[in-house]
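Trainee: dropping a prediction and its sequence here:
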Amino acid sequence: MLKTLNKREQELLEGLLTADRTLIQEMYDAYQAGVISFIKQRGGTESDAKDVFQDAILVLYKKVKANDLVLTVSLNSFIKAICRNMWLTKIRDKRELNVEVNEDENMLLEEQIEDVLTGVLREKIYRKHFLNLGEQCQHILKLFFSKVKMKEIAVKLNITEKYVKKRKFECKEKLIVAIKNDPHFKELKF
Amino acid sequence: MSEQSSLYEQIEKYLNKELTEVEHAEFEQQMQQDETLRKEVLMHKEMAASLGDENYQQLISTLENLQNPDQFEAENSKIINANYLRFGIAASVVFVMLLGLIFLLNKTQTYSVDQLFVAYFEPYQVDAFRSADDQAEMSDAMKAYQNGDYEKAVLLFKQTTTDLNSLDNFYWAITLIATDSGNEAIEKLDDLKSENVMPGLNQNIDWYLALANLQAGKIKEAKAILESISENTQHYKSKAATELLDKL
């Protein structure tokens, strides 16, 4: 049975879409402690739990943005379920710990989040290498990815359109090479 | 045009729906037969959607900041921070501790601009959300920054010959403030602000710009920035800016 979001949950999800710091902080205050407790009880550290929580919030953003969020439980329970699923999958895959995994629990939401989570992890790698580019490269690519026309980029940066095209290609190639050489990226499936 | 360049261009045209109907169909058929091409196209699509989504990038920045517990201590009036001991600017340990006590116990007292700057300035934290890989790739200047050796960091930033990205320049600006070079920091932060390539750091840039102006004795400019921060209740330093304005 689908659950209707209450007013507070709706506000928090809207805050997520607009990256509203205050509302995101409220999500942290309301939901993170439970996740930390769960992960620490299963062999993880607080830092592991924070990473998982961060990824869960990004997964949630993607689901909300794609209008693909199907809630049968409260938002709190849904976030906990995502984190639980992510953590159990992680320790099972890496076989880091001798932990009994309840398959029913592990299957919870797996279909809903697996692809989105892998996408989020790939996107964090794109971001990491993007931020390592030079200032001009970041500027040109940011405008290009935001679908600003070449001509407008040229005017904005006071350079020729031809040069923008050349730099865009060079910067994009540099970014792609760095991404493809990232060992973490190689581990992630498409 | 190189093979790679031609491939990227074709992928872009495909994603932007600029291919003719026939070319589009041919390209899709190629993708069906070539798994590597399919993955390449998906990567281009995902990369553009993700890096072009300003809200998403801002959300990641916000989450990274929230994961750093030290970042927002000043908001709770915990103005004495261990980092202070390292950047060797005006205040001594005793002075800072006394100032902290004064702030906590007597909020009606008046303060000098220097005292206020010392109380509210805290270098942006870098270490909490850098992975081991990131740390290995960090420049010497960034390593010095991370270690709190701002004098060394500022020298190394100045000596860098490679193309610094916006984030490096942001840290350089903070380093300049930490080494009492407010005017140079203002110039750098103004550039970053007008470039607007790191939306996730815009609020931080504003806050440090206000402090750099304060340090440089440009009180009118500092107040104007602090007022705009104070008025924006969504700003992470809104409360701190209001407090600071009250004391100025």
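Mentor: Ah, there it is.

Trainee: now do the helices in the chain.
Mentor: If you meant another chain, say so; for now it's chain A. Ranges of helices in chain A, per DSSP state H, are A:7-17, A:21-41, A:46-65, A:75-94, A:103-107, A:110-131, A:135-145, A:150-157, A:161-180, A:183-187.

Trainee: sorry, should have said chain B
Mentor: Going by DSSP H, chain B shows helices at B:3-15, B:21-33, B:35-51, B:54-66, B:93-105, B:113-120, B:132-137, B:140-146, B:150-159, B:166-178, B:182-195, B:202-215, B:219-231, B:238-247.

Trainee: got the domain ranges for chain B?
Mentor: Domain assignment for chain B by automatic domain parsing gives B:3-52, B:64-247.

Trainee: mean pLDDT, distance to A:Leu157 and mean neighbour count added to those, as JSON lines?
Mentor: Bear in mind the C-beta positions are built from the backbone N, C-alpha and C, glycine included. Formatted as JSON lines, the domains of chain B follow (pLDDT from 0 to 100; distance: least, CB to CB, whole Å; neighbours: other CB atoms under 10 Å in any protein chain shown):
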{"stretch": "domain B:3-52", "mean pLDDT": "93", "distance to A:Leu157": "17", "mean neighbour count": "14"}
{"stretch": "domain B:64-247", "mean pLDDT": "74", "distance to A:Leu157": "10", "mean neighbour count": "17"}
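
Trainee: reformat those domains into CSV and put distance to chain A next to each item.
Mentor: Formatted as CSV, the domains of chain B follow (distance: least, CB to the nearest CB, whole Å):
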stretch, distance to chain A
domain B:3-52, 3
domain B:64-247, 3
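
Trainee: and of the ones you listed, who's closest to A:Lys142?
Mentor: When those are compared for distance to A:Lys142 using CB to CB, the nearest one is domain B:64-247, at 5.6 Å.

Trainee: end-to-end on that closest one?
Mentor: 31 Å (CA to CA, to the nearest Å).

Trainee: contacting residues for the residue most central in space within chain B?
Mentor: What sits nearest the mean C-alpha location of chain B, by CA atoms, centre = their mean, is B:Leu201, with 4.2 Å. By CB atoms under 8 Å, 6 or more residues apart in numbering or on different chains, the contact list for B:Leu201 reads B:Ser61, B:Leu167, B:Phe170, B:Leu192.

Trainee: again, but for A:Val177
Mentor: No contacts exist for A:Val177 under CB under 8 Å, 6+ apart.

Trainee: pLDDT score assigned to it?
Mentor: A:Val177 is assigned 93 on the pLDDT scale.

Trainee: from memory A:Phe78 sits against A:Lys63, does it?
Mentor: No. Using CB atoms under 8 Å, A:Phe78 makes no contact with A:Lys63, being 9.3 Å away.

Trainee: if you count surrounding residues, which of those two has more?
Mentor: A:Phe78 (23 against 20; other CB atoms under 10 Å in any protein chain shown).

Trainee: please report how far the more buried one lies from B:Glu221.
Mentor: For A:Phe78, the distance to B:Glu221 equals 46 Å [CB to CB, to the nearest Å].

Trainee: also B:Asp180?
Mentor: 18 Å.

Trainee: swap in B:Asp163?
Mentor: Relative to B:Glu221, and taking CB to CB, B:Asp163 is found at 30 Å.

Trainee: so where is chain A shaky, pLDDT-wise?
Mentor: Low-confidence regions of chain A, defined here as pLDDT under 70, cover residues A:1-3, A:93-112.

Trainee: could you list the domains of it?
Mentor: Annotated domains of chain A cover A:7-116, A:132-187 [automatic domain parsing].

Trainee: contact partners for the closest residue to A:Tyr28 other than its chain neighbours?
Mentor: Leaving aside its sequence neighbours, A:Tyr28 sits nearest to B:Leu66 (CB to CB, 6 or more residues apart in numbering or on different chains; 5.6 Å). Going by CB under 8 Å, 6+ apart, B:Leu66 touches A:Ile24, A:Gln25, A:Tyr28.

Trainee: likewise B:Val113?
Mentor: Contacts for B:Val113 (CB under 8 Å, 6+ apart) come out as B:Leu214, B:Gly217, B:Ile219, B:Leu248.

Trainee: the first one contacts B:Gln115, doesn't it?
Mentor: Looking back up the chat, that one is B:Leu214. No. Look at B:Leu214 against B:Gln115 with CB under 8 Å: they stay out of range, at 10.8 Å.

Trainee: thinking again about what came up before, need the contacts of B:Leu201 in CSV with distance to A:Met86, can you?
Mentor: CSV is the format used below for the contacts of B:Leu201 (distance: CB to CB, whole Å):
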residue, distance to A:Met86
B:Ser61, 21
B:Leu167, 28
B:Phe170, 31
B:Leu192, 35
